[in-house]
Structures are given as structure tokens and as C-alpha cells.
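**Student:** Sequence below, structure please.
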Amino acid sequence: MTATSIISEISVVIPLYNKAAEIGRTLGSVLRQSVQPREIIVVDDGSTDGSAEIVERMASPIVRLVRQANAGVSAARNRAIEMATGRWIALLDGDDWWREDYLLQMARLIERYPDCGAYGSGFYVDNGRGLVVGDTPQIEGVVNFFEESMRRYVLIPSATVVRRDLVIRLGGFPVGMRMGEDQYLWTRIARVADVAFTPMTNVVYLRAASNRSAAIYRPEQSEFSLEDLYDESASEISNEYVARVALGKAIVESVRGGTQAAQRALEFFSYNKMSHRIARKVRFFNTLPVALRPTVSAIYNWLAWAIARKGI
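**Tutor:** Residues are numbered from 1 along each chain as shown. I've put the predicted structure just below:
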């Protein structure tokens, strides 16, 4: 297949929840692609700020708007993926955006590496003051997802294209999981299929967007857990990756007051050999008074960003 014919088999999936300030630019960036996708499916997950009405006003024959009661980002993505008619799914969050050649770039990657289960791209981070290049691999081709992801970003939703049939076979995104749902699916994909990556940067991730789910902590209410991904028969590095994701999530849980959830993660993922620094950070936050944790975390994160200028 040529790159153009591949794009005709790409369905763009956008979950939407209270992104009135950003969805116009997000959707517009897809409609301005140099080659148009097969379809754009926007699932409004119970927005209350007029987000869906903005989509309706941007009338286009390839845009399909679906409304549902609020069920979370995974449920919204899964519904759109089920409805999609394309062979590949290009994921895009409702506050990020693409430059005009993004889909062409990803189609060319698929053309070169047609047997992969997922395809990732480099990206910029908009931190509110300017664009910073994300910390990603710098060589194009098939990558060892787990080894690379221990050091840098390989897949983030708005810069990822996945094979629809594989995602459906694996059960999609874990419904109800509030943090780590992306990495949950990436782990399952990368354990059964190759992942290809290009360092080209045609994606902008809006770090300071409104209503970022990772910035809002509520206790998990899901039948899924990162603990489910531990597999003695899987590669050691894949289990190390799962531990790193889970401990990173535990930091957020601890900072937001989820001391018990963070402690559970420390105990379950104590098998890790490569994430001791993250585990120490979880323990540190768990020792602080709950009221003090957000302030300490904010100072730490600001300093980390100022030094590295490359993290999400």
C-alpha cells in the first residue's frame, strides 16, 4: 500500500471531555492535514462546557460526533475504536494538535514497517511558555519498546497510531482506570507485536491544558489494575516497565492523598531492580502530612522541568 492509500484506512479517534478552550484547534488540525483521513470520530464523554457544540459547528462530512454519559477516557476511546471502519487508529486527545503532515508521516512509517502493532512519533511539549522537544528515541525504525520506554517516551496517545484489530483483540483501553491506562494498553501491545517509531515532530502536546486527567486524583474504580500486567513468563524488562509506570502513578496517588494505594504499589512492585529512585520518592511523600504533599510536589516538579525541559 502507498502512504496515501494507508491514510484512507486511518480513523482518527478523539475522546472529548470539557475541552471547549482547545477542541476547535485540535479538530481543525486534523481537518487541515495534507491528506485527509478516512474519518474522524469524536466521542463526547458527557461534557458540560459546550465542547460538543463546538464540534457540531465545525461541520465536515468526515466528522462523526457521538455523545455519551461520562464514563471516562478509556470508555470513550474504546467506543470510537469499535465504531471505526479504518484499519488503523490515530489517537488524538481533545487538547493536543497535529501539524499538517502528521498523518502522511505516520502513513509512511506504516508503509516501511507494515507488520507492527503500534507506531509512535516525536512531539513537542507546549509548556505555556514555548515548545520543548519531547525526550524520545532519535532513530527511526522498529524499537525495543520496553527498553526505550525505561528512559524516554516512545508512545503517547496523541502521537500514536495503532492497529485496530489488535487493539480490539486485546480488549482496548482499561475502562475506569484513571492513570496509566495508556501504558496499560502499550504494554499489552508491545508484548505481542513490534513497535515502530519516527523522531519527526509533527505533534504538539499541551502540557498546560485544562482538565488534564493526570492532574486530577480520584481513587480508582476499575476492574483493571497495573498489577494485572505482571507476568512471570514475560520478559524481565517488560515487568520492570510495568513497575516503573505503577510507581510513577503511586507518586501522584500519594501526593493527592492516596497513601494506602501508594503503599500497595510499593509492596506489590518491590520486585523492581531499576526504579528504586522512584520508589524512594513514593516513600518520601507518604511520610509527609497530606496537606503538605501538593506544595512539595509542585516545587519538585518545577525544578525538574526547569533542569530537564523535556518531561511531560
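
**Student:** count of residues packed around the closest residue to Tyr102 other than its chain neighbours?
**Tutor:** If the residues on either side of it in the chain are set aside, Tyr102 comes closest to Asn202, at 3.9 Å by CB to CB, 6 or more residues apart in numbering. Bear in mind the C-beta positions are built from the backbone N, C-alpha and C, glycine included. Per other CB atoms under 10 Å, the neighbour tally for Asn202 reads 22.

**Student:** Helix, strand, or coil at Asn202?
**Tutor:** The local conformation at Asn202, judged by DSSP: H, G, I helix; E, B strand; the rest coil, is strand.

**Student:** And for the one 3 residues further on?
**Tutor:** With three-state DSSP as the basis, the three-state label of Tyr205 is strand.

**Student:** Return the residues in contact with it.
**Tutor:** Remark: with contacts taken as CB atoms under 8 Å, 6 or more residues apart in numbering, Tyr205 is in contact with Asp96, Phe123, Tyr124, Val125, Asp126, Gly134, Ile156, Ser158, Ala159, Ile312.

**Student:** Next, format the residues you listed as TSV and append distance to Met106.
**Tutor:** Converted to TSV, the contacts of Tyr205 look like this (distance: CB to CB, whole Å):
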residue	distance to Met106
Asp96	14
Phe123	12
Tyr124	16
Val125	19
Asp126	20
Gly134	16
Ile156	13
Ser158	12
Ala159	9
Ile312	20
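
**Student:** Looking at the residues you listed, which are in strands?
**Tutor:** Restricting those to those inside strands, with DSSP state E as the criterion, leaves Phe123, Tyr124, Val125, Asp126.

**Student:** Among the residues you listed, which one lies nearest to Ala52?
**Tutor:** Distance to Ala52 across these (CB to CB) is lowest for Asp126, with 24.0 Å.

**Student:** That closest one - nearest residue in space that isn't next to it in sequence?
**Tutor:** Taking CB to CB, 6+ apart as the measure, Asp126 lies nearest to Leu206, with 4.9 Å between them; neighbours along the chain are not counted.

**Student:** Check what pLDDT that neighbour gets.
**Tutor:** You'll see Leu206 listed with a pLDDT of 94.

**Student:** Quick check, it in contact with Leu92.
**Tutor:** No. Taking contacts as CB atoms under 8 Å, Leu206 lies outside contact range of Leu92: 11.5 Å.

**Student:** What are the boundaries of the helices in the stretch 201-312 of the chain?
**Tutor:** 236-255, 259-268, 276-287, 293-308 (DSSP state H, counting those that start in this stretch).

**Student:** Out of these, which is the most enclosed?
**Tutor:** Mean neighbours per residue, mean count of other CB atoms under 10 Å, is largest over these for helix 236-255, with a mean of 22.
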